[in-house]
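Novice: sequence and predicted structure below; questions after.
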Amino acid sequence: MKQDWLLILSVSVFLFSGCKKKQDEPGPINHINEQARVYPSFQLEKEDTLSDEEYKVYADFFSTNVNGARVINLSQQTNHWNTIPENSYFDTLRKTHGEFDSTTFANYHTANNKAYILGNKINLPSAKVVLIPSSEFTHYFSHKDPFGNEGLEHGQGLYNKYSEGYYSVSRVGFNAGKTEALISISYSSGQQQGSGLIALLKKINGRWVVIHEMNHWLT
């Protein structure tokens with residue numbers, strides 16, 4: 001009889017322990033990760049021929065003037081639409097930098113007579129440059145929002161994907177000796193959130209350094 005009671009007690013303890021274990025075990029986590037959306041992929045376009053010195057201007061500008069960023073999203077197509085208001089900006093440069101080479105200004109406009117396609121050649125010491133092909137912009141800005149958010153432009157999907165925002169750059173205008181450079185840079189982080197600036201750079205000890213910049217537009 002005593003052995004029977006011990007057997008019943010052992011079975012009861014085993015069943016109780018098994019039930020308690022199942023109750024204590026965490027169940028599967030069922031939640032939606034908003035960051036895990038699957039976005040369509042796009043191929044980079046065939047690059048145009050740009051000089052190594054142009055890529056160095058871009059690299060020196062971003063590495064110095066965009067601090068702390070681990071990723072820099074950059075339009076693969078240059079922003080040739082950013083014309084520089086010649087009178088106001090040129091006069092400002094004359095007043096602030098008497099040795100400014102006027103051919104830099106003319107060469108900037110010549111270089112930006114159309115859009116060009118950048119190659120994946122901008123190397124930064126502490127950030128990764130991600131190129132965005134123009135086909136991706138066309139996709140996002142030509143339709144409604146892909147995730148069913150009524151009332152939002154389709155372009156919001158682009159800003160969801162590139163949450164850090166994205167940049168676009170012009171071609172570089174150099175002076176004859178390639179000691180001065182002029183570029184325009186735009187940044188956008190939302191449907192109506194963006195800015196643009198014009199930068200004059202000089203080559204100092206082998207690096208391109210911004211010596212003057214002017215806000216070009218703001219939204």
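Specialist: Right, received. Where do you want to start?

Novice: number of residues surrounding Asn205?
Specialist: By other Cβ atoms under 10 Å, 5 other residues sit near Asn205. (Glycine included, C-beta is placed from N, CA and C.)

Novice: ok, Phe105 next?
Specialist: When neighbours are defined as other Cβ under 10 Å, Phe105 has 20 of them.

Novice: does it sit in a helix, a strand or a coil?
Specialist: Secondary structure for Phe105, judged by DSSP: H, G, I helix; E, B strand; the rest coil, is helix.

Novice: does it touch Ile183 like I think?
Specialist: No: Phe105 is beyond contact range of Ile183, at 12.0 Å (criterion: Cβ atoms under 8 Å).

Novice: which residues do those two both contact?
Specialist: In terms of Cβ atoms under 8 Å, 6 or more residues apart in numbering, Phe105 and Ile183 are both contacted by the residues Gly173.

Novice: can you give me the strands for this structure?
Specialist: For the chain, applying DSSP state E gives strands covering 71-75, 128-132, 166-169, 173-174, 180-190, 193-204, 207-218.

Novice: check which residues of the fifth one are buried.
Specialist: By that I understand strand 180-190. Buried residues in strand 180-190, counting neighbours by 16 or more other Cβ atoms under 10 Å, are found at 180-186, 188.

Novice: how about the first one?
Specialist: Buried residues in strand 71-75, counting neighbours by 16+ other Cβ under 10 Å, are found at 72-75.

Novice: now the two most distant members of these.
Specialist: Ile72 and Ser75 (11.0 Å; Cβ to Cβ).

Novice: contacting residues around the closest residue to Arg207 other than its chain neighbours?
Specialist: In space, and not counting its chain neighbours, Arg207 is closest to Asp60: 5.3 Å by Cβ to Cβ, 6 or more residues apart in numbering. Asp60 makes contact with 201, 207-209, according to Cβ under 8 Å, 6+ apart.

Novice: out of those residues, who's nearest Thr49?
Specialist: Each of these was scored against Thr49 by Cβ to Cβ, and Trp208 proved nearest at 19.9 Å.

Novice: on that earlier part again, would you point out the most distant pair within the contacts of Asp60?
Specialist: Farthest pair in the contacts of Asp60 (Cβ to Cβ) is Leu201 and Arg207. Separation: 9.3 Å.

Novice: shared neighbours of Ile72 and Ser75, which are they?
Specialist: Counting by Cβ under 8 Å, 6+ apart, the residues touching both Ile72 and Ser75 are Tyr167.

Novice: quick revisit: quick one: which of the contacts of Asp60 is nearest to Leu44?
Specialist: Using Cβ to Cβ, these come closest to Leu44 at Trp208, 24.9 Å.

Novice: any idea how far Asn73 lies from Phe174?
Specialist: 26 Å (Cβ to Cβ, to the nearest Å).
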